[in-house]
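Engineer: 3D, please:
(3 chains)
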Amino acid sequence: MNSSLLAGLNPQQLEAITLSEQSVLVLAGAGSGKTRVLTTRIAYLIQTGKVSPYSILAVTFTNKAAKEILVRINAMLPINTRGMWIGTFHGLCNRLLRTHYQEAGLPQAFQIIDIADQLAMIRRILKALSVDDKRFPPRQVQWFINNAKEAGRRAANVVADDPYTRHLLEFYSAYERQCDREGVVDFAELLLRSYEMLSRNEALREHYRERFDHILVDEFQDTNRLQYDWLKLLAGAGADRHPTAVFVVGDDDQSIYAFRGADTGNMKSFEHDFGVTKVIKLEQNYRSHGNILAAANAVIARNTDRLGKHLWTADDQGELLRVYRGLNDFDEASFIVDEIRALQSEGIPLAQMALLYRSNAQSRVLEHSLFNAALPYRVYGGTRFFERMEIKHALAYLRLIAHPDDDNALLRIINFPARGIGARSLEQLQDAARQQSSSLWEAAIQKCGGDSHAAAGSNAKGLTGFVGLIQSMRQDWESLPLPRIVEHVLVQSGLISHYKNERDGADRLENLHELVNAATIFVHEADDDSLVAFLTHASLEAGEHQAGSGQDALQLMTVHAAKGLEFHTVFLSGLEEGLFPHDNSLNDVNGLEEERRLMYVAMTRARRRLYLTLAQSRMLHGQTRYNIPSRFLDEVPEKFLKWLSPIVGIKTNDNFVVADSDNDFRYSRAVQRNSSSQFSGNTAQWRIGQVIRHAKFGEGVIVAYEGAGNDARVQIKFNDVGIKWLMLEYAKLTPA
DNA sequence: CTTACGTGAGTTTTT
DNA sequence: CTCACGTAAG
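Structural biologist: Predicted structure coming up:
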């Protein structure tokens, strides 16, 4: 047994990792080493030799998390992780369905559609049924369908009491039929389909139950009903109990996806459904300083619906939380800019600072100020690589090659780039397809075949050309390796020349070339380098939000997007009633508690410094709004706050402090200052009085320091730029 | 088929 | 306000 595997773990972590074969709930607070525990347990199970890597199933929500687990296991054990069942719910379900496509009633090359494709399809169906889309907005229909699926219900299993629901159900069944006909599945379908397959097929179910001795689940608080039932089925919990040990890690306080069907009730159900006798709490936080943690604890303590957990840290109290209330949103933004500049001059990298907001719309003003201040920043969220229009077009060609029944794909590209197939020829095509209940592609082929005597209009010519194009592409597919096919399709389809001629097509062209790169990388990395596998990869992994230039940049994102991340400094902006908590959650207790969890998540992202900012007025929807401070601000005990602005309309009206950049740090310094003159950073020993050199500020002498290790700060009297406090971790000092 | 205009919505979103 | 989408006109 490699003892280094378990080195440096606290007793609770150790217990969770080495627990014998039983199901367990691990309540893991923010920054408590959750991922480390999960991965170390996997490594431990394998290394102690009791468990084969192939009888472990580990499931996450994001590809990123799954990758992280694989990387860490690879670092801990000399085993090949290929072939291990570690992935997202959707990825693993896809694997099941691909392996047993016949049992699942799917074509071998079934395609996965994303929400945009799904919406387009629903639009099409509603149109075909002549539905008034004012009464039944496509988005609402989509929401209804996905909700039903995520609760494990088919159209046939939903009870409709009212006419409205009956209509929705009709659309749901029509949608189901259409998906079946096209041989496509949406995200929820991956889960529902594999769930149904396993519950229907006893032999298959038993096979997988036997196979997996251990199931591990990350972010368990985010599971929805269907995912829970899926786990239960696979683990054989309930009546016919199977000795599968199910190890789930989660934090009910960080459940922020209830609006999407996540159900923390699953954590409670888990205990009794899986015969859990042991709940392990990981409550030691290794991330944040004490004040930040205490403030976050105070906020989350207001929630009534909790399993109960209290984070603590062995670290110092650290600084107070800094609060700034600006006159307006612009003022708030310039405050943030000033503070970022100051931190930057202290040597803290921009990438270690995050600017968080409740909703995306808030980023506009902030970005404006950052841009004017010439501060590099990166916004997370927005369109991801495989969701870009030009990429979806290219993928649609590829999909049609691999899977001709995909009407969605056909409709996307039949006239893009334009080849003279207008609305009326499309309508004819759709009519023909509907009549013989075939796919559009089949209808197109027939139309071309019997075309010689028909009116030789330009549209017929266009259609023939299109059919010929796809058919020739399909032939190339037989003989070319994946990246070449992609390249070929880009050229033959006319996409390349189309974007070459377009005014602002340069970025799109670049993205298309990037797609060839993606295919090349995929071929090198994947076990299965087929076109279908690549398309699946594109559907299940939307790709990075942005190509990430690698440049040091401030991180801008919503609080949701920040979950799981940590930063030296966090700016939490827009702390106003109506924004955070959001208007739409104000009247609902559950909604408010979710907003509060969101606040908790936001606060616990900060390692060392946390700013809470707000504005007295701001522009929203073209109107100036005067918001009162967020209730969450009131929920932080005053003793943890340091006001940096005069404040109005809040109970602690008189004890504000005006920012004073020189003396700003004095209060925290008093607590932590050390008396010895020798101290050490990460790599080197330093002493007071020593002459040093700094890359930017030049030569200077160390006059004081505080803290230790990573958190040590040094005060240096520079020859040229005066006295400065710098973070030792980032300052890159060299002895002069 | 492209362009212009009108309309309406405007939390969060791992797959 | 401002973006995205859908329809109508050119």
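
Engineer: and the longest helix along chain A, average pLDDT?
Structural biologist: The longest helix of chain A (DSSP state H) is helix A:458-479. Taken as a whole, helix A:458-479 carries a mean pLDDT of 85.

Engineer: Would you tell me what the next helix or strand after that helix is?
Structural biologist: The helix or strand immediately downstream of helix A:458-479 is helix A:482-492, counting by DSSP states H and E.

Engineer: how about that next one: buried residues?
Structural biologist: A:482-483, A:485-490 (16 or more other CB atoms under 10 Å). C-beta: built from backbone N, CA, C; applies to glycine.

Engineer: quick revisit: counting by contacts, list what the longest helix of chain A packs against.
Structural biologist: Using 3 or more CB pairs under 8 Å, 6 or more residues apart in numbering; DSSP states H and E, the elements in contact with helix A:458-479 are helix A:389-402, helix A:423-435, helix A:440-449, helix A:482-492.

Engineer: For burial, what's the neighbour tally of the closest residue to DNA strand B within chain A?
Structural biologist: With CB to the nearest atom of the strand, the shortest gap between chain A and DNA strand B falls at A:G422, namely 2.9 Å. When neighbours are counted by other CB atoms under 10 Å, A:G422 registers 12.

Engineer: swap in A:F522?
Structural biologist: 18.

Engineer: quick one: pLDDT of it?
Structural biologist: At A:F522, pLDDT is 94.

Engineer: I'd say it and A:D529 touch.
Structural biologist: Yes: counting by CB atoms under 8 Å, A:F522 does reach A:D529; the two are 6.8 Å apart.

Engineer: so how far is A:Q475 from the residue of the stretch 501-650 of chain A found nearest DNA strand C?
Structural biologist: At 2.4 Å from DNA strand C, A:G622 is the closest residue in the stretch 501-650 of chain A, using CB to the nearest atom of the strand. From A:G622 across to A:Q475, the span is 55 Å (CB to CB, to the nearest Å).

Engineer: With neighbour numbers in mind, choose between those two.
Structural biologist: A:Q475 (10 against 5).

Engineer: And for A:N147, nearest residue in space, chain neighbours not counted?
Structural biologist: Nearest residue to A:N147, sequence neighbours excluded (CB to CB, 6 or more residues apart in numbering): A:G261, at 6.8 Å.

Engineer: interface residues of the stretch 251-400 of chain A facing DNA strand B?
Structural biologist: A:256-257, A:259-260, A:262, A:358-361, A:381 (CB under 7 Å from any atom of the strand).

Engineer: Among the residues you listed, name the buried ones.
Structural biologist: Counted by 16+ other CB under 10 Å, those give A:256-257, A:262, A:358 as buried.

Engineer: now these as TSV including pLDDT, secondary structure and distance to DNA strand C?
Structural biologist: Below are these laid out as TSV (pLDDT from 0 to 100; DSSP: H, G, I helix; E, B strand; the rest coil; distance: CB to the nearest atom of the strand, whole Å):
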residue	pLDDT	secondary structure	distance to DNA strand C
A:I256	96	coil	24
A:Y257	95	coil	23
A:A262	95	coil	26
A:R358	97	coil	17
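
Engineer: What number of residues are in the vicinity of the residue nearest to A:G87 when sequence neighbours are not counted?
Structural biologist: What sits nearest to A:G87 in space, not counting adjacent residues and going by CB to CB, 6+ apart, is A:A66, at 5.0 Å. Counted with other CB under 10 Å, the neighbours of A:A66 add up to 20.
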